[in-house]
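Chemist: All I have is the shape, not the residue letters:
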């Protein structure tokens with residue numbers, strides 16, 4: 001008897017078909033949820049202005065759709081291999097060492113994720129028993145389904161992707177069984193020492209385990225040791241993922257990804273060249289501006305380097321700039337937009353630290369301009385030294401470039417205009433996402449069809465999911481630290497060992513640069529901010545100033561050897577050794593370090609406009 005494969009027909013329920021169907025279902029669900037959090041706030045504005053009444057339950061529905069976007073996005077990130085990890089895993093040698101590290105990391109990750117899945121299932125049961133509703137008769141437990149389903153998918157995908165061999169996957173899959181067994185026998189850990197388990201989690205993170213598993217694992221282990229349910233690590237996740245301002249993160253990210261799709265970068269490159277290409281180092285200055293513009297909306301330097309590197313590096317080389325300088329400039333410029341509104345790190349910092357997001361937007365303007373200007377001055381210097389080509393200014397070309405890129409130029413106007421006229425951050429982000437969608441799909445038609453829209457939404461939600469799952473599981477860990485009075489003990493230590501605000505700020509700079517080397521900016525904000533905010537208050541550091549110092553230092557950390565994230569991204573994008581990229585980026589690193597010190601010790605740069 002022959003089967004379908006022998007005839008060249010794939011069986012209907014073959015694993016590849018099931019995986020493809022699951023992927024399509026995830027993408028569709030994520031897209032529908034993303035459209036929901038975009039449409040609901042805008043419909044609310046329109047209905048209230050026209051009829052003085054809004055949509056019943058609009059805010060709770062938006063919040064719960066954000067929860068779904070975050071968790072489904074995390075599953076998509078696991079599917080695409082984009083869950084955020086420590087940079088240390090990338091320095092392991094290729095071959096057997098990296099393979100063994102991947103299997104070991106996946107084993108521990110699967111154990112933690114399985115416990116979190118069971119905790120999510122318990123949360124669902126609690127909400128179902130309490131008959132809690134989102135609104136309009138829709139029960140909360142419907143949204144809660146995302147917890148166990150997403151964590152199960154993540155665990156399975158971590159096991160599957162860790163190795164190409166059946167043996168490697170089988171070893172990693174033992175983590176699922178171990179997680180189930182620990183959740184069913186919590187008494188094993190009751191009153192035990194946490195350090196062997198914490199050491200195991202840290203070792204796995206160094207080997208490449210996702211950061212969410214490190215934080216979630218620490219929370220789960222610590223709760224189990226004190227006799228609490230692992231569901232405690234997920235209960236706080238529900239509250240965090242349904243917070244009021246959180247929908248702005250996926251919406252601004254979506255706007256950025258839509259904007260980066262197609263030919264927007266070419267249109268803006270032409271625009272900046274038309275206005276600044278005449279000056280010495282004009283192409284270098286244009287490169288810094290264009291990178292900053294895209295990083296503001298995409299939320300991460302990695303997206304900018306990977307998306308624009310193929311356009312900007314050839315442009316710099318064509319205009320006569322040295323290859324070393326060009327590599328360093330593109331690598332450094334990738335993170336320059338993180339202090340400008342509405343950059344996602346500022347929004348996330350505001351949520352975590354409880355600081356007004358609008359104040360952070362204003363406070364970041366001058367520091368962001370300072371960092372942009374100092375890197376641009378390096379470009380001017382290089383242009384004078386190397387005789388880099390210039391583009392003569394002509395009024396006709398400037399007018400044509402403005403007209404061609406008019407829709408891209410409208411994006412900041414739409415965002416800031418809506419904020420200044422009373423819109424909330426979420427409403428402004430929804431308007432930005434809708435504007436970008438209409439422009440890219442129907443005006444420029446860079447997105448040819450709905451399949452292209454689905455692809456871009458999936459890519460943006462993959463990034464968002466990688467961030468929000470860290471935010472979600474870190475809540476449990478932070479809760480435990482507060483219960484254990486860790487921040488209070490750190491404050492007590494700081495008061496006894498640090499004598500002045502200046503000394504504290506210097507120590508903070510050094511600490512944050514190290515953190516920025518090892519962690520992405522979103523993970524660092526979620527993990528570190530709750531610990532340093534109480535200490536900074538003791539030394540009378542303004543909360544907005546602290547936020548800008550924090551983000552500026554992490555920008556610098558992206559470039560700091562040996563494991564600065566931008567160095568590895570550029571190495572991957574341009575196929576060059578990391579050491580070569582690090583040497584090329586050194587002048588930019590020095591200049592940005594000077595800028596960070598100015599931002600740190602001249603508070604007026606941050607607070608002047610606010611005052």
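Modeler: Perfect, thanks for sending it. Since the structure is predicted, the reported quantities are computational estimates derived from the model, not experimental observations.

Chemist: ok, residue 28 to residue 450 distance?
Modeler: 11 Å (Cβ to Cβ, to the nearest Å). (Glycine included, C-beta is placed from N, CA and C.)

Chemist: Of those two, give the one with the bigger neighbour count.
Modeler: Using other Cβ atoms under 10 Å as the criterion, residue 28 and residue 450 rank with residue 28 on top: 14 against 10.

Chemist: Let me see the confidence value for that one.
Modeler: pLDDT for residue 28: 87.

Chemist: Report the separation between it and residue 451.
Modeler: Taken as Cβ to Cβ, the span from residue 28 to residue 451 is 11 Å.

Chemist: again, but for residue 570
Modeler: 31 Å.

Chemist: Please apply the same query to residue 264.
Modeler: Counting by Cβ to Cβ - residue 264 and residue 451 are separated by 19 Å.

Chemist: do the same with residue 474
Modeler: From residue 474 to residue 451 the distance is 35 Å (Cβ to Cβ).

Chemist: Neighbour count: the two, which is higher?
Modeler: A count of neighbours by other Cβ under 10 Å puts residue 474 above the other of residue 474 and residue 451, at 28 against 9.

Chemist: continuing past the host helix or strand of that one, what's the next helix or strand?
Modeler: Taking DSSP states H and E as the definition, residue 474 sits inside helix 450-483. Sequence order places helix 486-497 as the next helix or strand after helix 450-483, per DSSP H and E.

Chemist: For the very next helix or strand once past that next one, give the mean pLDDT please.
Modeler: Per DSSP H and E, the first helix or strand lying C-terminal to helix 486-497 is helix 501-518. Average pLDDT, helix 501-518: 86.

Chemist: Centre of the chain to whichever helix or strand comes after helix 501-518, how far?
Modeler: Later in the chain than helix 501-518, the nearest helix or strand by DSSP H and E is helix 521-538. Taking Cα atoms, centre = their mean, to the nearest Å, one finds helix 521-538 lying 16 Å from the centre of the chain it belongs to.

Chemist: List the buried residues for the following helix or strand past helix 521-538?
Modeler: Proceeding N to C from helix 521-538, the next assigned helix or strand is helix 543-557, under DSSP H and E. For helix 543-557, burial by neighbour count (16 or more other Cβ atoms under 10 Å) applies to 543-557.

Chemist: helices and strands around helix 543-557, which ones?
Modeler: Secondary-structure packing of helix 543-557 (3 or more Cβ pairs under 8 Å, 6 or more residues apart in numbering; DSSP states H and E): helix 344-353, helix 357-363, helix 365-386, helix 501-518, helix 521-538, helix 578-601, helix 604-607.

Chemist: May I see the buried residues of the third one?
Modeler: Just to be clear, that refers to helix 365-386. For helix 365-386, the neighbour count (16+ other Cβ under 10 Å) marks 365-368, 370-372, 374-376, 378-380, 382-383, 386 as buried.

Chemist: One more: the last one?
Modeler: Of the residues in helix 604-607, those buried under the neighbour-count criterion (16+ other Cβ under 10 Å) are 605, 606, 607.

Chemist: which one of those residues is nearest residue 467?
Modeler: Nearest to residue 467 out of these is residue 606 (Cβ to Cβ; 24.2 Å).

Chemist: between the buried residues of helix 365-386, which is nearest residue 280?
Modeler: Looking across the buried residues of helix 365-386 and measuring by Cβ to Cβ, the closest to residue 280 is residue 383, at 4.1 Å.

Chemist: any idea how far residue 362 is from the residue nearest to that closest one when sequence neighbours are not counted?
Modeler: With Cβ to Cβ, 6 or more residues apart in numbering as the criterion, residue 383 has its nearest non-adjacent residue at 2.8 Å, and that residue is residue 281. The gap separating residue 281 from residue 362 is 30 Å, by Cβ to Cβ.

Chemist: Settle it for me: which of those two has more neighbours?
Modeler: Higher neighbour count among residue 281 and residue 362: residue 281, with 28 against 16, using other Cβ under 10 Å.

Chemist: and the more buried one, what is it in contact with?
Modeler: 376, 379, 380, 381, 382, 383, 384, 388 (Cβ atoms under 8 Å, 6 or more residues apart in numbering).

Chemist: I appreciate the help and will end here.
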